[in-house]
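K.L.:
Dropping a prediction and its sequence here:
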Amino acid sequence: MAAVQIPAGGTYLDTMKRDFTKVPVDAVKSNAISTSEFLEAAESLTTMFDLLGSVAFSPVKKDMLGNVEKIRKRYLAAPLESENLQDLVRNELKFGSHVATEGLVWLVRGLEFTCIALSQNVAKPTEELADSFRGAYGSTLKPHHSFLVKPVFSAAMSACPYRKDFYSKLGSDDAKVQEELSEYLAALEKIVGVLKEFLASKDAQWKK
């Protein structure tokens, strides 16, 4: 992978096609989350796994991008009924399918895993990434993974770089990196919270 060119005085977040601070959440419409912008932001987030510098994170990235594509396929098939994620789910379930809905469930789990790991790492300046990701995995994805998948993800946690090496890839101004990353993670946390609440509601259930 070619090295990403961070603009002078900027951070890695400036290179993303879209970040979660720029995903519209319509408070008037029960926190409806714009589908297109959300998918762009989710795709952009997966590029951060490249910064972790290990092929061990490839399955994590591949899994998240696969779920993005399931949601996008539904969005493209019924764009007018899928402008926000909540309507996309309601509309898909109404027609007896749940491929995109299940993809969203798994994508939200992956986003929460990443959000918790990085938020914890930002909050604890002496904690290494491996410990933060391991803790986040245990509380998000691990309970839903089979015994075949768990070792794959555990290997990725153990392959995390030292925190100083990771943060140096996010930008040369550490204070700015911490500030922008905190804003980014706060926006992501809000969106994950909205989606978790919605996906637990009766509107997002299908026969299993």
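P.N.:
The structure has been received and is ready for your questions. Everything numeric in this text was worked out from a predicted model, so none of it was measured.
K.L.:
Can you name the helix or strand that residue 33 falls in?
P.N.:
For residue 33, the host element (DSSP states H and E) is strand 32-33.
K.L.:
What mean pLDDT does that strand get?
P.N.:
What strand 32-33 shows for mean pLDDT is 98.
K.L.:
what's the distance between that strand and the middle of its chain?
P.N.:
Offset of strand 32-33 from its chain centre (CA atoms, centre = their mean, to the nearest Å): 16 Å.
K.L.:
so what does that strand touch, helix or strand wise?
P.N.:
strand 25-26, helix 85-94, helix 174-199 (3 or more CB pairs under 8 Å, 6 or more residues apart in numbering; DSSP states H and E). All C-beta spots, glycine's among them, are computed from the backbone N, C-alpha and C.
K.L.:
buried ones in the last one?
P.N.:
Okay, so that is helix 174-199. 177-178, 180-181, 184-185, 187-192, 194-195, 198-199 (16 or more other CB atoms under 10 Å).
K.L.:
how much space between the residue nearest to residue 11 when sequence neighbours are not counted and residue 86?
P.N.:
Once flanking residues are discounted, residue 11 sits nearest to residue 171: 3.7 Å by CB to CB, 6 or more residues apart in numbering. For residue 171, the distance to residue 86 (CB to CB, to the nearest Å) stands at 34 Å.
K.L.:
Rebuild the helices and strands packed on strand 32-33 as JSON lines, extending it with distance to residue 9 and mean pLDDT.
P.N.:
As requested, those are exported to JSON lines (distance: least, CB to CB, whole Å; pLDDT from 0 to 100):
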{"stretch": "strand 25-26", "distance to residue 9": "29", "mean pLDDT": "97"}
{"stretch": "helix 85-94", "distance to residue 9": "34", "mean pLDDT": "98"}
{"stretch": "helix 174-199", "distance to residue 9": "8", "mean pLDDT": "97"}
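K.L.:
so which of these gets nearest residue 115?
P.N.:
Proximity to residue 115 (CB to CB) singles out helix 174-199 among the helices and strands packed on strand 32-33, at 4.8 Å.
K.L.:
and the closest one, what other elements does it pack with?
P.N.:
Using 3+ CB pairs under 8 Å, 6+ apart, helix 174-199 sits against strand 25-26, strand 32-33, helix 85-94, helix 99-123, helix 163-170.
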